[in-house]
Structure formats: C-alpha cells, structure tokens
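Undergrad: Sequence and predicted structure below; questions after.
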Amino acid sequence: MKEILIGIAFALLWASASAATKFGLRTGEPFVITNVRFILAAALMLGWSHLIRRHALPKRDDWGPLLLYGMLNCSIYLGAFSFAMRYCTAGIGTLSVGINPLLISVLSAVFLKKKIGSQVWLGLLLGITGVGVATFPALQNSTTTPLGISLLAFSMLSYSVGTIYFSGKKWSMPTLVINGWQIFFGALTLLPVTLIFTNWERQHFDTNFWLSVWWLVIPVSIGAVQLWLYLLHRDPVKAALWLFLCPILGFLYARILLGEPVTIYTGVGTALVIAGLYLGQRKK
C-alpha cells in the first residue's frame, strides 16, 4: 500500500509540470520561469547536501561531467520544453514526455550498444503515432503549432541523451549532490540565453508567476524526483508502470485547470502512447 500511494503521488506531481508551466507563461517568460526554477531548486538541494548533511564537494574530475549533464538534462531540455509550452497545449506536452522511456531505450542501443527488441521499436512507433493523433485537432485550431512540436521533440531528445550519459557514467557522490550541481550548471548555462532573448516587458513577477515557479521547484523538481528515485530503488519494472498514468493525468489537468478540449483524438492518441509504453517496458 505504501508503494502504491507513493506511485500515485509521483504520477500526480510529475504530470502537473506542463499545466504549471502554462500557468506561469500567463505572466512570465519561458526562460525566466526555467532559470528561476533552477536557481531555487539548486539552492535548496545544495544547501541541504553541503550545509546540513555535510556531503563533500564534487572532485575535480566531476565538474566537467556535471556541467555536461546539467546542459543536457536542464538548460537544453527544460529550456526548450518551457519555450515549447508557449506553442503547445499542456496535454500534448505531458503526452510527449511519455515517449521519453521508449526514446531512451532506442538511443541506448546506439550509444551504449545495448540490444533492442522489436517490441521497443513497435512501442516507439505507437508512441509517436499516438502523439500525432492527439496533436491533430490542436494543429487544426492552432492551439498547437509545428514549432511547438519541433521544440518538444528537441527537448525530449536532449533529455534522453542526458539520461543515457548519466546511466553510462560511474558517479562517486550522492544522488542529491549530483542533482543539485547539475541543476546549478543548468541555471548557469541558461542564464545568458535568458538575459538576451527574454522580452522583459512581458515578464511580471506577480503571484501567478511565483506560485507556478514554486510548484515546479518543490512538488515537481524535488518531490516527484525523490519519489521516482525511491520507486526505482524498490523495483525499476514496477516503477515504470506509474509512467502510464502521467499522460492521462496530464490531459485531466489540462481539461480541469486550463479548459483545454478533450476529443476522441485525445483518447485514441493517449491509448496508443500507453500501449507503446507497455510494449516497450514490459518483461519478456
């Protein structure tokens, strides 16, 4: 029962990121939302790790990998994702995130030379098809644009490459230290982009902005990630099953909180993505 409750809590929090970003974009700029989120999350994690838990600082050879991982997993991935949310619905954003495990499996075969079965290829095909079906009516009424889909695809690719890089390297420090520093470097590398490309006349540091940012920092960046790590530690196969809930919850959030339409295309597309996840991750 404990693991079930933790799994449900993880799915509820993880699926809320797209809707929270859409709320933040009402009064904030995408790169500012992402950069402030990184700065606050890094400060909390590193403060807890080094000041309270007294963990040692990374070694000299660790700084380069942390910088690269932070760029792939934070500044590029979430920077592009936040910008994509300006041109996509929240539901489509959550649905596209569901393809990540399948994309990671395929890229692992390329970079880590792992064997990949036909089920994973079929799962990826179903997932991409599902996103396409769910996106079709949104493209018709211009609530989602080709630019938004392209940015989402680019962000998913960066995240998947970052995950493979993380899994292929032997880290000599606690997970919380790794997360804190990679987020810090994500903030550092995204800062010049934020300063140059932000339309500061459209940026308002109001209640809506701060509520969105703090939700992305504590429940999503810290809470959901720690719950996910707990589930992975207990049983990676069972943990992956909770990802199936995220597309469904993402569309529910989008419908209830943002009033986004849910159509037959939404249902069929979500079903295809879930079927793809099942095929790509189930045991033989």
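TA: On my side now, so go ahead.

Undergrad: How many residues are close by residue 23?
TA: Neighbours of residue 23 under the rule other C-beta atoms under 10 Å: 22. Any C-beta I mention is one placed from the backbone N, CA and C, and that applies to glycine too.

Undergrad: cool, and residue 176?
TA: 19.

Undergrad: what's the closest non-adjacent residue to residue 125?
TA: Spatially, and ignoring its direct neighbours in sequence, residue 125 is nearest to residue 276 (7.3 Å; C-beta to C-beta, 6 or more residues apart in numbering).

Undergrad: Can you say which helix or strand has that neighbour in it?
TA: According to DSSP states H and E, residue 276 maps onto helix 264-281.

Undergrad: So which bits of that helix are buried?
TA: Within helix 264-281, the residues that count as buried by 16 or more other C-beta atoms under 10 Å are 265-266, 269-277, 279-281.

Undergrad: now swap in stretch 20-39 and tell me
TA: Residues of stretch 20-39 classed as buried: 20-25, 27-39 (neighbour count, 16+ other C-beta under 10 Å).

Undergrad: And stretch 58-67, by the same measure?
TA: Within stretch 58-67, the residues scored as buried using 16+ other C-beta under 10 Å are 58, 62, 65, 66, 67.

Undergrad: ok now it, how far from the chain's centre?
TA: Chain-centre distance of stretch 58-67: 23 Å, with C-alpha atoms, centre = their mean, to the nearest Å.

Undergrad: Which residues outside the helix holding residue 276 are in contact with it?
TA: Residues from elsewhere that reach helix 264-281 (C-beta atoms under 8 Å, 6 or more residues apart in numbering): 91, 95, 98-99, 101-102, 105, 119-120, 122-137, 237, 240-241, 243-244, 247-248, 251.

Undergrad: Derive a ChimeraX selection command for the buried subset of these.
TA: Applying 16+ other C-beta under 10 Å to the contacts of helix 264-281 leaves a buried subset, and the ChimeraX line that selects it is:
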select :91,95,98,99,101,102,105,119,120,123,124,126,127,128,129,130,131,133,134,135,137,240,241,243,244,247,248,251
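
Undergrad: worst-scoring helix or strand of the protein, pLDDT-wise?
TA: Of all helical and strand segments in the chain, the minimum by mean pLDDT, DSSP states H and E falls on helix 236-241, at a mean of 69.

Undergrad: Where does pLDDT dip in this structure?
TA: Applying pLDDT under 70 to the chain picks out residues 112, 114, 236-237, 281-284.

Undergrad: What ranges does the stretch 51-200 of the chain have for its strands?
TA: Shown for the stretch 51-200 of the chain, no strands are assigned by DSSP state E, counting those that start in this stretch.

Undergrad: Can you identify each of the helices in it by residue range?
TA: 63-70, 77-84, 90-97, 100-111, 118-140, 146-167, 175-197 (DSSP state H, counting those that start in this stretch).

Undergrad: could those go into JSON lines alongside distance to residue 260?
TA: Below are the helices of the stretch 51-200 of the chain laid out as JSON lines (distance: least, C-beta to C-beta, whole Å):
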{"stretch": "helix 63-70", "distance to residue 260": "32"}
{"stretch": "helix 77-84", "distance to residue 260": "15"}
{"stretch": "helix 90-97", "distance to residue 260": "6"}
{"stretch": "helix 100-111", "distance to residue 260": "21"}
{"stretch": "helix 118-140", "distance to residue 260": "8"}
{"stretch": "helix 146-167", "distance to residue 260": "14"}
{"stretch": "helix 175-197", "distance to residue 260": "27"}
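
Undergrad: Need the winner for burial among these.
TA: When you average the neighbours per residue for each of the helices of the stretch 51-200 of the chain (mean count of other C-beta atoms under 10 Å), helix 90-97 leads with a mean of 28.

Undergrad: Mind telling me which residue is nearest the centre of the protein?
TA: Of all residues in the chain, the one closest to the mean position by C-alpha atoms, centre = their mean is residue 97, 6.3 Å from it.

Undergrad: can you tell me which residues contact that one?
TA: Per C-beta under 8 Å, 6+ apart, neighbours of residue 97: 17, 18, 156, 246, 250.

Undergrad: now, which of the residues you listed sits nearest residue 210?
TA: Of all these, the one with the least separation from residue 210 (C-beta to C-beta) is residue 17, at 16.4 Å.

Undergrad: who's in contact with the closest one?
TA: Neighbours of residue 17 in contact, by C-beta under 8 Å, 6+ apart: 93, 94, 97, 216, 220.

Undergrad: Thanks a lot, catch you later.
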